[in-house]
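K.L.:
3D, please:
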Amino acid sequence: MAFPTYDYVNLEDVAVRLMVQNDIKAFLLSHRNGLIVDEAQYLPELFSAIQVVVDEDKSLRYILSGSSDFLLMQNITQSLAGRVAVERLLPLSIEELGDIDTVSTDELMFSGFFPGVWGDGKTPNEVYDSYLTTYIERDVRQIINIKDRAAFLRFVTVCAGRIGCEFSANSIAGEIGVSYKTIQEWMSILETSYTGFRLFPYYRNIGKRLSKTPKIYFYDVGLACFLLGIENPNQLNRHPLRGALFENMVICDQLKGRYNEGKRNNLFFYRDRSQHEIDLVQEYAMQLRAFEIKSAQSYHPDFYKNLDYFRKLYGEDVISTCIIYNGDSEVNADFNGIVNYRHINK
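P.N.:
Residues are numbered from 1 along each chain as shown. A predicted model of the protein is given here:
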């Protein structure tokens with residue numbers, strides 16, 4: 001829709017892939033008016049070929065799309081630095097769903113945000129069962145040779161059960177029966193395939209952020225619900241991980257907002273030795289926005305306790321603080337904000 005005059009090919013089609021592979025340069029030059037190549041990760045040598053033809057003719061335009069982060073894949077060494085714009089398109093955001101006033105929070109989390117659920121009318125169980133099977137059998141194998149796919153699936157399921165918790169590779173390795181190094185490698189696969197991501201703690205010292213333990217979240221809360229064995233929205237009402245899943249949904253929606261605006265991830269969490277914790281911190285140079293996320297339907301003044309501590313700690317660097325909860329009321333103040341989760345993108 002965005003590029004209606006561009007030609008389109010899908011490299012998941014083996015016949016098309018073999019045809020392109022036979023003479024990549026000639027194929028690229030035969031589409032001088034623009035070309036969209038879907039599932040481009042199936043032909044890594046395509047990236048180097050594009051570098052050559054674009055250097056020869058800078059008017060050429062190619063759009064490469066796929067279900068993996070090309071720049072992190074081991075078998076794609078050519079980053080096309082200086083020649084590309086990278087856009088990350090995550091599952092649908094709350095804002096993109098449109099009018100969802102009749103959809104309960106539990107229905108929203110259970111359904112997730114895959115287009116197949118909202119656009120094609122498929123059931124969440126159908127969509128995520130198919131996705132998981134395809135993901136394990138195709139995408140993961142494309143990224144790295146997984147010898148024990150059953151163990152990898154257990155790893156993904158364990159990660160779903162630890163949403164919002166600190167990611168401990170040693171602990172997960174012991175639970176699954178694989179090495180620490182394997183867990184680290186598998187976590188990289190989750191990130192490369194846009195299945196899960198790590199949220200790092202906030203420190204002024206950038207190096208310190210990367211050395212401390214991050215939290216783990218999923219890019220789609222519906223997939224996490226499926227992995228947890230949740231079969232309908234009613235089961236979420238009393239589920240022990242409902243709060244963590246709500247937190248996952250809110251944080252990921254903020255991340256979608258950043259990516260949809262073409263901006264980098266600027267999200268962190270905060271925790272100190274005194275166990276003061278802030279669910280979400282956004283950094284804008286030296287300025288900070290802090291969010292406390294609660295799945296409760298009623299607001300309580302205690303929700304603001306850690307935000308008040310954080311604001312006193314960082315002073316004028318904190319330009320706003322906000323409580324995001326599952327209620328119906330929205331209250332704005334000069335420095336303190338209380339918002340319903342559906343207003344998160346405003």
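K.L.:
Every contact and neighbour count from this point should use C-alpha atoms.
P.N.:
OK.
K.L.:
And the helices in the stretch 201-346 of the chain?
P.N.:
206-211, 221-227, 242-260, 305-314 (DSSP state H, counting those that start in this stretch).
K.L.:
ranking those helices by mean pLDDT, which is last?
P.N.:
For the helices of the stretch 201-346 of the chain, mean pLDDT drops lowest on helix 206-211, to a mean of 63.
K.L.:
quick one, helices of the stretch 1-150 of the chain?
P.N.:
Using DSSP H, counting those that start in this stretch, helices in the stretch 1-150 of the chain cover 14-22, 24-29, 45-56, 94-97, 105-111, 115-118, 124-134, 140-143, 149-161.
K.L.:
right, and these - which one's nearest I319?
P.N.:
With CA to CA as the measure, helix 94-97 is the member of those nearest I319 (24.0 Å).
K.L.:
Just the buried positions in the closest one, please.
P.N.:
Of all the residues in helix 94-97, those buried under the rule 16 or more other CA atoms under 10 Å are 94-95.
K.L.:
can you dump the C-alpha coordinates of it into PDB?
P.N.:
Only the C-alpha atoms of helix 94-97 are listed here, as PDB (Å, rounded to 0.1, in the frame of the first residue of the first chain):
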ATOM      1  CA  ILE A  94      -3.100  -0.300  21.100                       C
ATOM      2  CA  GLU A  95      -3.600   2.900  19.100                       C
ATOM      3  CA  GLU A  96      -3.600   1.000  15.800                       C
ATOM      4  CA  LEU A  97      -6.400  -1.200  17.000                       C
END
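K.L.:
Without its sequence neighbours, what residue ends up closest to G243?
P.N.:
Spatial nearest neighbour of G243, chain neighbours left out: S295 (5.3 Å); criterion: CA to CA, 6 or more residues apart in numbering.
K.L.:
Please list all residues in contact with that neighbour.
P.N.:
242-243, 246-247, 325-326 (CA atoms under 8 Å, 6 or more residues apart in numbering).
K.L.:
can you check C165 too?
P.N.:
Counting by CA under 8 Å, 6+ apart, C165 touches 215-216.
K.L.:
Run through the bridge partners of V37.
P.N.:
V9, L64 (DSSP bridges).
K.L.:
number of nearby residues for it?
P.N.:
Other residues within reach of V37, judged by other CA atoms under 10 Å, total 17.
K.L.:
roughly how far apart are it and V158?
P.N.:
In this structure, V37 and V158 are 35 Å apart, going by CA to CA, to the nearest Å.
K.L.:
measure S179 to E166 for me?
P.N.:
Distance, S179 to E166, using CA to CA: 18 Å.
K.L.:
who's more crowded, these two?
P.N.:
Neighbour count, other CA under 10 Å: between S179 and E166, E166 has more, with 17 against 14.
K.L.:
Surely that one and I216 touch.
P.N.:
Yes: counting by CA atoms under 8 Å, E166 does reach I216; the two are 6.4 Å apart.
K.L.:
In the stretch 51-200 of the chain, where is pLDDT below threshold?
P.N.:
Low-confidence segments of the stretch 51-200 of the chain, defined by pLDDT under 70: 70-80, 137, 141-144.
K.L.:
how about a cut-off of 90?
P.N.:
Across the stretch 51-200 of the chain, the ranges flagged by pLDDT under 90 are 51, 66-88, 99-102, 120-121, 132-151, 189, 192-194.
K.L.:
How about the stretch 201-346 of the chain?
P.N.:
In the stretch 201-346 of the chain, residues with pLDDT under 90: 203-213, 272-275, 286, 297-304, 327-346.
K.L.:
what about the strands in it?
P.N.:
215-218, 267-271, 277-284, 287-293, 318-325, 331-332, 336-340 (DSSP state E, counting those that start in this stretch).
K.L.:
right, and those - which one's nearest R238?
P.N.:
The minimum distance between R238 and the strands of the stretch 201-346 of the chain falls on strand 318-325, with 16.8 Å, by CA to CA.
K.L.:
Output the contacting helices and strands for that closest one.
P.N.:
strand 287-293, helix 305-314, strand 336-340 (3 or more CA pairs under 8 Å, 6 or more residues apart in numbering; DSSP states H and E).
K.L.:
looking at those, which is buried most?
P.N.:
Burial of those is given as mean neighbour count (mean count of other CA atoms under 10 Å); strand 287-293 ranks first at a mean of 20.
K.L.:
quick one: contacts of that one?
P.N.:
247, 250, 278-283, 303-304, 307, 317-325.
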